[in-house]
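K.L.:
Mind folding the following:
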Amino acid sequence: MMEKTLGLLFYLKPAKNDRGEGRFIYFRITIDGKSNEISLKRKWITTRWNSATGRAQGSKEDAKALNVFLDTVARNVHYARRKLMDAGKEVTSEMVRNVLLGQDETKRMVLELFKTHNDQMEKLIGKDYAYGTFQRFQTSLDHTRSFILWKYEKSDMDIRDLDYDFISEYAFWLKSVRNCGHNATMKYLSNFKKIVLSCVKKGWLPRDPFSGFKLARREKVREFLTKEELKAVEEKKIEIERVAHVRDIFVFCCYTGLAYIDVKQLKRTELLKGIDGKKWLMTQRQKTESPTRLPLLQKALEIVQKYSSHPECIKSDLVLPVLSNQKMNSYLKEVADICGVTKVLTFHTARHTFATTVTLSNGVPIETVSRMLGHKNLVQTQHYAKIIDLKVSEDMQRLEDRLGN
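P.N.:
Got it, this is the predicted structure:
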């Protein structure tokens, strides 16, 4: 932004109906020919004022003190101009005046802005956001509100008061008071930082106040079933119908890689004939809106056929009759006990099993697996490839044989 010429003049001005010797001290800010004046709420005698310099004259202490004060005012004027320029705002005499008087901008409060963001997000559920994403941001808002009360003993705070100390203390609070793990802490801080960065983009903050704070997550070992464990779950005869029902849906996800919400919403119309004439699953991940397209393996087809005449599936045009997430996870604990599996069974476990035991371990290229999982980039899929020792062993054995020949 181009610097504009700034003129500053201190002068005395009589008040209406004031016949005394004292005059009020004013100063006039002029930028590009346009002026604004401000009263300093102080009086000075005309006979001790130098109009040419705009300062008190004489060597008495009161004159020296006044001149020091006027010099400070002049520095504040130049600081206000620089502040406007750094924020990318138009520099006018009125804007400089408003900064000096503390009227440069409306106070913008952290929790108010966070709530506005979440209110807008709620209206876009099903369009731009999933309900689960909205819930996570609501939890982040609750945590931020509790932290501000704990740390600053305030119900809210100005966004301009945010700094590095705020986010480092917030991270400490999440881990110590809320007992969050490292990755959960980083997720909550990322959600909060999204609000802060939007303030930077809108020009409400001159820069990112959390610059330098790293939001790095630690890589987590993704649990999955081995070939033997998956076989034990598949083949175990389960007498309790509701548990057998949940086992079948879990196994279906092990052979398709679908997440809970995606299998719950899977419509019969999303099972189509593919390019090879076989039955394909063609849907879209709710979490990322990425397409998922894959031919159904025989194990998955058998489960689809098993529930084709289920009343709930017929009524709602669904592929499988999936219960609530809470009930499914509860019954999966029973599945694990009955099948003798010591690992925690969740739909994440099923998805990871598809990526590792079912596909990558059987030589399916990582690019193909990434596409079937609906990942947006290969980096997401590479996490799975890192933990398949069997695949590494087989690849190295092939290399050994090749080198031997």
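K.L.:
State the phi and psi torsions of residue 342.
P.N.:
Main-chain torsions, residue 342, degrees, to the nearest 10: phi -90, psi -10.
K.L.:
neighbours around it, how many?
P.N.:
Residue 342 has 7 neighbours, counted by other CB atoms under 10 Å. Placement of C-beta: from N, CA and C, glycine included.
K.L.:
where's it relative to residue 225, distance?
P.N.:
Residue 342 sits 11 Å away from residue 225, going by CB to CB, to the nearest Å.
K.L.:
What of residue 52?
P.N.:
Distance from residue 52 to residue 225, by CB to CB: 89 Å.
K.L.:
Name the residue in those two with the higher neighbour count.
P.N.:
Ranked by neighbour count (other CB under 10 Å), residue 52 and residue 225 place residue 225 first, with 26 against 6.
K.L.:
which residues touch that one?
P.N.:
Contacts for residue 225 were tallied using CB atoms under 8 Å, 6 or more residues apart in numbering; they are 233, 254, 341, 343, 349, 353, 357.
K.L.:
What strand or helix carries the one residue sitting closest to the centre of the chain?
P.N.:
Nearest residue to the geometric centre of the chain (CA atoms, centre = their mean): residue 191, 2.8 Å. Assigning secondary structure by DSSP states H and E places residue 191 in helix 182-201.
K.L.:
So what does residue 279 look like in phi/psi?
P.N.:
phi -80, psi 130.
K.L.:
quick one: low-confidence ranges for the stretch 1-150 of the chain?
P.N.:
Filtered on pLDDT under 70, the stretch 1-150 of the chain yields the residue ranges 1-4, 17-20, 103-106.
K.L.:
all helices in it, in order from the N-terminus.
P.N.:
61-86, 93-100, 110-123, 131-152 (DSSP state H, counting those that start in this stretch).
K.L.:
Deepest in the core, which of those is it.
P.N.:
Stretch with highest mean neighbour count among these: helix 93-100 (a mean of 20; mean count of other CB atoms under 10 Å).
K.L.:
which residues touch the closest residue to the residue nearest to the centre of the chain other than its chain neighbours?
P.N.:
Sequence neighbours aside, residue 140 is the residue nearest to residue 191 in space, at 3.9 Å (criterion: CB to CB, 6 or more residues apart in numbering). Neighbouring residues of residue 140 by CB under 8 Å, 6+ apart: 114, 188, 191-192.
K.L.:
Return the distance of residue 140 relative to residue 405.
P.N.:
58 Å.
K.L.:
Run through the strands of the stretch 201-350 of the chain in chain order.
P.N.:
271-273, 279-284, 291-295 (DSSP state E, counting those that start in this stretch).
K.L.:
And the shortest one, how far out from the chain middle?
P.N.:
Averaging C-alpha coordinates over strand 271-273 and over its chain gives two centres that are 36 Å apart (CA atoms, centre = their mean, to the nearest Å).
K.L.:
one step back: switch the contacts of residue 140 over to TSV; also include distance to residue 362.
P.N.:
Listed next are these as TSV, based on distance: CB to CB, whole Å:
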residue	distance to residue 362
114	46
188	38
191	38
192	42
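K.L.:
Check those and tell me the two furthest apart.
P.N.:
114 and 188 (11.8 Å; CB to CB).
K.L.:
Only the buried residues of stretch 338-355, if you could.
P.N.:
For stretch 338-355, burial by neighbour count (16 or more other CB atoms under 10 Å) applies to 338-339, 341, 345-347, 349-355.
K.L.:
Please read the previous query as pertaining to stretch 197-212.
P.N.:
199, 204-205, 209-210.
K.L.:
Select, from these, the two members most distant in space.
P.N.:
204 and 210 (14.8 Å).
K.L.:
just checking, what packs against the longest strand along the chain?
P.N.:
In the chain, with assignment by DSSP state E, the single longest strand is strand 34-45. When contacts are defined as 3 or more CB pairs under 8 Å, 6 or more residues apart in numbering; DSSP states H and E, strand 34-45 packs onto strand 22-31, helix 61-86, helix 93-100.
K.L.:
Going along the chain, name the helices of the stretch 251-400 of the chain.
P.N.:
260-264, 298-306, 311-316, 325-339, 347-353, 366-373, 378-385, 389-404.
K.L.:
worst average pLDDT in these?
P.N.:
Lowest mean pLDDT within the helices of the stretch 251-400 of the chain: helix 378-385, at a mean of 70.
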